[in-house]
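> Here's a sequence, model it:
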Amino acid sequence: MIENRIPGFGSRRFCLLVLAILIFYCEPALAQPVISLKYSDTKIPLGPYAQYYRDSTGNFTLDDIRSLGESAWSTFGKGSANFRYTNDAVWIRFRIKDDSGGSSWILESAFPILDRISLYRPDRNGSYVSTETGRLLPYSHREIDNKKFLFNLQRVDDTRPYYVRIQSHSTLICDLTIWRPEHLTGMFDHERLFSGIFYGIMLIMVLYNFSIFLAVRDETYLYYSLYQTFAALFFFTLEGYASQYLFPNTPVLGKHSHLIFGGLGHLSGYVFALKFLKLKDTFPAGRWMIFLMTVPSLIQISSPIVGYHMAARTAQVSNIIGPAVIITCGAVCLARGYKPARFLLLAWIAPLAAIIIYALARFNIVPFSFITEHGPQIGIAVEAWLLSLALADRINIMHREIEEQNSREMLHNAALAQARSIQQSLLPASAPSITGLNVESAFFPMEDVGGDLYEFRELPDGEFMIFVGDVSGHGIPAALLAATAKTLLYLFGEKRPSPGMFLRYMNEILVGRTAGNFLSCELAIISPDRKKLTMASGGHPPMLHIRNGNISQVKGKGVVIGLFPVAEFEEVSIDLEQGDRLLFITDGLLGMQNSGGEYFENTVLVEVCRDAGGARLKDFIALLVGASEKFKIQAADRDDITIVAVEVA
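Below is the predicted model of the structure:
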């Protein structure tokens, strides 16, 4: 037989069989190491020592879990475990042995927004005692008063496993650590110090900028204050402080509050960016991009209605796309020359980078640390500071622009003053004294420098010339053209042409030199001795001839001056009688129309001429001006007004 040929074969086979049996039965003990709690330990992460099981039904009891075979359990590895969004209940088991000489130990769950978390501790009677807490339970259910979930680890003599059950509608993160109480207190002291600094910065920024809003009433500061307020409240709930201080007995608010505050923060941030960047003018397409991003914010705010899962997943998308949209709008506005966008760009890049790092840490792509854990708070604090700088920079830029505008206005006003001085010097200083005629005038420019002009001239043969003109447009360009026309009038006395010939000569000089403007005018020659008037018109409203309360219009055919190279101007003549009144008026008065669609020429002017026909000429002009002022209040459009009145003595 083979056994006889190989010495000791039978004993070897027997030993191998015994060894296999021992390994099989000892596997549970060898598969999971026991955590030895020593006095020198400050904290021990459970990841390398714990195992987990995912209960997809969510209905397993402790007895069901204890009856599972070893192959059902999985190991965590290093660090925490992120199960993302899941409806599974996650069971964790670990074994400890107290070699610390009687020290106390605390189990910490660092993620403070878990719906339910239970610890099953072995007792000395061979059974288990459970403690349950979580954000869906009142704060009073917590074993230790703290924003995080803490459990006392009772000392037992054996190494029976502890079990932790976690179930949550939010991201399910298993981040369990065993602490010595004194070291855990020190860690919380550091966290409270960091939180105090963070919320202090946020409070200062909010109060400071809200005070500026109350002082200057700039809505941008209001939306900045709202944005930072909701951002602070979002982190206040995310870190567990809201369940501890704001609504400890209202778990439903504790569940949805971080989504609601986050949505309100996004919404006010979008409106702030909309106002700050002036997207309606600088980047209209960006305005619609912002409007579209308000939809996810409204879904977040509606978390109790649409459901936690939908609102939370929408928030994840909004947290990345929202800042990206604002950064895009800021970049486009900066490229288009809107300088205040530079600090806003930097401000929104900071939290976006922090959120990305935080997400990478939660998904175990980068190591989890104090910086990654508090990265979003650090990013938001930096953003608050940069946005405050952006508002200050915006004010400085606005001040510089205002100063530049003031400088331009000062130069413009100086030019206007000079032009006004020139224009005033070109207008007759007073009404002339002509034998056989009474002359009065009134001039009201719509702007500081108007486009109307008039001129009186006593001619050598005892005749009297009247020129009334209206240049299209207003301001300096109109005044310059009026001054040019006034200069040409000096030639009239030297050449002594007829009215029609002179207007034709003036048109030939000005055609192509008016920069698109034109001149309407009337030129009349009155002979007091012969009581005769001869006149020509260049596209001007007709002269009004008033006799015994009756009004007639006198006008020759002719086009405006300065537009047409070839133009003819018809001359007309009328006989005058003692008491006749002649009104040369620009269309600023005749064309004045009130809100009811009535024209001054057809209503008030007729009434004044009829009712005040017997008044002195100076009083007649005053009544006419007063009536025009009352009518002007109701007029939608206003223009320069010139009135020259002549009475035959």
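
> is it true that Ser268 touches Glu219?
No: Ser268 lies out of contact with Glu219 (CB atoms under 8 Å); the separation is 11.2 Å. Backbone N, C-alpha and C define where each C-beta goes, glycine included.

> more neighbours, those two?
Ser268 (21 against 13; other CB atoms under 10 Å).

> Report the separation between Thr294 and Pro351.
Note on Thr294: its distance to Pro351, by CB to CB, to the nearest Å, is 18 Å.

> more neighbours, those two?
The neighbour comparison of Thr294 against Pro351 (other CB under 10 Å) goes to Pro351, with 26 against 17.

> The more buried one looks like it's in a strand, true?
No: secondary structure of Pro351 (DSSP: H, G, I helix; E, B strand; the rest coil): helix, not part of a strand.

> For it, which non-adjacent residue is closest in space?
The shortest distance from Pro351 to any non-neighbouring residue, by CB to CB, 6 or more residues apart in numbering, is to Gly379 (3.8 Å).

> I'd like to know which elements the helix or strand hosting that neighbour is packed against.
Per DSSP states H and E: Gly379 is located in helix 375-426. Counting contacts by 3 or more CB pairs under 8 Å, 6 or more residues apart in numbering; DSSP states H and E, helix 375-426 packs against helix 181-216, helix 219-238, helix 251-277, helix 341-362, helix 475-495.

> Put together TSV for those helices, with mean pLDDT and distance to Ile525 on each row.
TSV is the format used below for these (pLDDT from 0 to 100; distance: least, CB to CB, whole Å):
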stretch	mean pLDDT	distance to Ile525
helix 181-216	90	63
helix 219-238	91	64
helix 251-277	90	64
helix 341-362	79	66
helix 475-495	76	10
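
> Could you dump the ones you listed into TSV with distance to Ile561 added?
As requested, the helices and strands packed on helix 375-426 are exported to TSV (distance: least, CB to CB, whole Å):
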stretch	distance to Ile561
helix 181-216	51
helix 219-238	51
helix 251-277	49
helix 341-362	50
helix 475-495	8
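
> quick one: which of those is nearest Ser74?
helix 341-362 (19.3 Å; CB to CB).

> the inter-axis angle of that closest one versus helix 219-238?
Helix 341-362 and helix 219-238 meet at an angle of 10 degrees, taking axes from the mean of the first three to the mean of the last three CA atoms, to 10 degrees as the criterion.

> Do you have the helices of the stretch 501-649 of the chain handy? List them.
587-590, 604-611, 617-633 (DSSP state H, counting those that start in this stretch).

> Distance to Phe188, mean neighbour count and mean pLDDT added to these, as a markdown table?
Below are those laid out as a markdown table (distance: least, CB to CB, whole Å; neighbours: other CB atoms under 10 Å; pLDDT from 0 to 100):
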| stretch | distance to Phe188 | mean neighbour count | mean pLDDT |
| --- | --- | --- | --- |
| helix 587-590 | 80 | 22 | 77 |
| helix 604-611 | 85 | 16 | 77 |
| helix 617-633 | 73 | 16 | 80 |
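
> among those helices, which is nearest Leu389?
helix 617-633 (48.3 Å).

> quick one on the thing from earlier: need the helices of the stretch 501-649 of the chain in a markdown table with distance to Met310, can you?
Output for those, formatted as a markdown table (distance: least, CB to CB, whole Å):
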| stretch | distance to Met310 |
| --- | --- |
| helix 587-590 | 66 |
| helix 604-611 | 69 |
| helix 617-633 | 60 |
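
> closest one to Ser71 among these?
Per CB to CB, nearest to Ser71 of those: helix 617-633, 94.8 Å.

> Surely Met506 touches Lys486?
No: between Met506 and Lys486 there is no contact under CB under 8 Å: 10.9 Å.

> which of the two has more neighbours?
Between Met506 and Lys486, Met506 has the larger neighbour count (other CB under 10 Å), namely 26 against 19.

> Which residues are in contact with that one?
Contact analysis of Met506 by CB atoms under 8 Å, 6 or more residues apart in numbering lists Ala485, Leu488, Leu519, Gly538, Ile561.

> How much space separates it from Thr514?
Applying CB to CB to Met506 and Thr514 gives a distance of 11 Å.
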